[in-house]
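>>> below: sequence and its predicted model.
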Amino acid sequence: MYLEENNSVNERLQLAINRISTIKEEHTVGHNEKLYFDTLAQFIEYMYEIRNLIQSGKYNQLSMEELLQWNEIIYKDELANNFTTSFLNINYCIACFGEKEGRFLNGLYKIIRNIISATFSKRDLYFTIFMELFIEIYNLYEENISYYRKKDCLYWFMSDYGEYFDEDYIQKICGIGDSCWIDYLQKVSHVSDLFQYGKYISKKDIECFHYYSHLSKEELHQLALQYVESYEKKYIKNTNGKKIVIPIKYYVGLEPVVDKVVNLLKERQIETICYWDNIKNSLGNSCYDNNFSNVKGLHYDKQYKERRIQSLRFFVTKYQEKNQIANVVLSIEPKEFEAISLSEKQKELEKQFEIELKELLYLL
């Protein structure tokens, strides 16, 4: 789906990965900073290798052992046994770099890890721009530039590329774009298929999949029917012949149930859609979730909020006539963590943003 877009950034992607591959050989920043940038550079190189495996079709041919190894490499910094000395641990970052720099570098790592979704969604544009951000910040550290210049760099990255993120967001709300994960449900027949998401696959996820895979057809049918009938009763009154697309959010391991839900809805002439962000897992590292889920505090201000609203308004207008999606997500997942790391002023801006966003989305 993204072939033309990927081709348009191929040269930039190659230049960026070539530059990143040299960073581990350099000694142009302080000791702790070098450990940090080497860690992120290694992570990006691993993701680039996985990206090549995926786009060549070789990733889905890997053995179970190889898939487990790659999964561990991608997510090792998020796991509880490594988290104490992980740069994803905000307390560790502050201990290494001080309060301001620690929070900044902690947030930067989270932003860079969006490369994971870019890799498994085959979005080379996003893979490229996050690599370019990493290089730009690294260059500023090489030049010993002030904290505020580095923060400005991140601010303008989020602001300049905000229109790309906003258009993707509105397209998802309207049910436009890549829905390949719904199609992929039909292909999930073995536990190794779970690794194609690019999510962390835990022992709990594997056990969950085994459990539901061994239920009888009637048991799966009854379980799926409960979800469908509950959703219909609450949210689907009378379609009046209008096409409806329901967004699905589900938990890894529940594929046998979700597939039945999708088929039951299809029998009712209701389509479904699912995006990468709506597929959840049981990583369950509460330290990571609570310390690091929200990085808006690094760049959120009134100007940024206004620019986002202006951008979102444009895309709402552009796509509102194409909107066919239901307003309520059908969720098949456990309760999630909630984390807040915004200042009081930023929280107020976020409230204003949500109010204005709801007014915009009401037009769809």
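Arrived safely, thanks for sending. Residues are numbered from 1 along each chain as shown.

>>> can you pull the buried residues of stretch 204-222?
Residues 205-206, 208-209, 212, 220 are the ones in stretch 204-222 that count as buried (16 or more other C-beta atoms under 10 Å). (Glycine included, C-beta is placed from N, CA and C.)

>>> can you tell me the number of residues neighbouring residue 355?
Residue 355 is flanked by 10 other residues according to other C-beta atoms under 10 Å.

>>> and it, which of the three is it?
Per DSSP: H, G, I helix; E, B strand; the rest coil, the local secondary structure of residue 355 is helix.

>>> could you list the low-pLDDT ranges of this protein?
For the chain, the stretches flagged by pLDDT under 70 are 1, 177-180, 237-242, 282-294, 324, 327, 333-342, 362-364.

>>> neighbours around the residue nearest to residue 197 when sequence neighbours are not counted, how many?
By the measure of C-beta to C-beta, 6 or more residues apart in numbering, the closest residue to residue 197 outside its immediate chain neighbours is residue 279, 5.6 Å from it. Look at residue 279: counted by other C-beta under 10 Å, it has 23 neighbours.

>>> okay, and the beta partners of residue 279?
Beta bridges link residue 279 to residue 250 when assigned by DSSP bridges.

>>> hmm, it is touching residue 198, no?
No. Taking C-beta atoms under 8 Å as the definition, residue 279 is not a contact partner of residue 198, at 9.2 Å.

>>> hey, what's in contact with both of these two?
Counting by C-beta atoms under 8 Å, 6 or more residues apart in numbering, no residue touches both residue 279 and residue 198.

>>> what sits against residue 9?
By C-beta under 8 Å, 6+ apart, the residues touching residue 9 are 124-125, 128.

>>> measure the residue nearest to it when sequence neighbours are not counted to residue 3 for me?
Leaving aside its sequence neighbours, residue 9 sits nearest to residue 128 (C-beta to C-beta, 6+ apart; 4.7 Å). Residue 128 sits 15 Å away from residue 3, going by C-beta to C-beta, to the nearest Å.

>>> same thing with residue 216?
Applying C-beta to C-beta, the value for residue 216 to residue 3 is 42 Å.

>>> ok, now residue 24?
Using C-beta to C-beta, one obtains 32 Å as the distance from residue 24 to residue 3.

>>> got it, and residue 66?
27 Å.

>>> and if you look at residue 306?
35 Å.

>>> how about the helices in the stretch 201-350 of the chain?
Here the stretch 201-350 of the chain has its helices, by DSSP state H, counting those that start in this stretch, at 203-213, 217-235, 255-267, 286-292, 302-319, 344-361.

>>> what lies in contact with the longest helix anywhere in the chain?
Taking DSSP state H as the criterion, the chain has its longest helix at helix 31-55. Here helix 31-55 makes contact (C-beta under 8 Å, 6+ apart) with 17, 20-21, 23-24, 27, 29, 59, 62, 70, 73-74, 77, 87, 96-97, 105, 109, 112-113, 115-116, 119-120, 122, 124, 127, 131, 134, 138, 141.

>>> repeat for stretch 65-82
With C-beta under 8 Å, 6+ apart as the test, stretch 65-82 has contacts from 39, 43, 46-47, 50, 62, 83, 86-88, 109, 116, 192, 195, 198, 200-201, 283, 285, 287-288.

>>> filter these to the buried ones?
Buried residues within those, counting neighbours by 16+ other C-beta under 10 Å: 39, 43, 47, 50, 62, 83, 86-88, 109, 116, 192, 195, 198, 200-201, 283, 285, 287-288.

>>> nearest residue to residue 193 in space, please, no chain neighbours.
Setting aside the residues directly before and after it, residue 193 is nearest to residue 187 in space (C-beta to C-beta, 6+ apart), at 6.4 Å.

>>> typo on my end, residue 141
Closest to residue 141 by C-beta to C-beta, 6+ apart is residue 29, at 4.9 Å.

>>> in stretch 353-362, what's buried?
Neighbour counts over stretch 353-362 (16+ other C-beta under 10 Å) mark 353, 356-357, 360-361 as buried.

>>> cool, stretch 174-192 as well?
Going by neighbour count (16+ other C-beta under 10 Å), the buried part of stretch 174-192 is 174-176, 178-179, 181-182, 184-185, 188, 191-192.

>>> got those residues as CSV, with secondary structure and distance to residue 230 columns?
Listed next are these as CSV, based on DSSP: H, G, I helix; E, B strand; the rest coil; distance: C-beta to C-beta, whole Å:
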residue, secondary structure, distance to residue 230
174, coil, 24
175, coil, 21
176, coil, 27
178, coil, 28
179, coil, 23
181, helix, 22
182, helix, 20
184, helix, 25
185, helix, 20
188, coil, 24
191, helix, 28
192, helix, 32
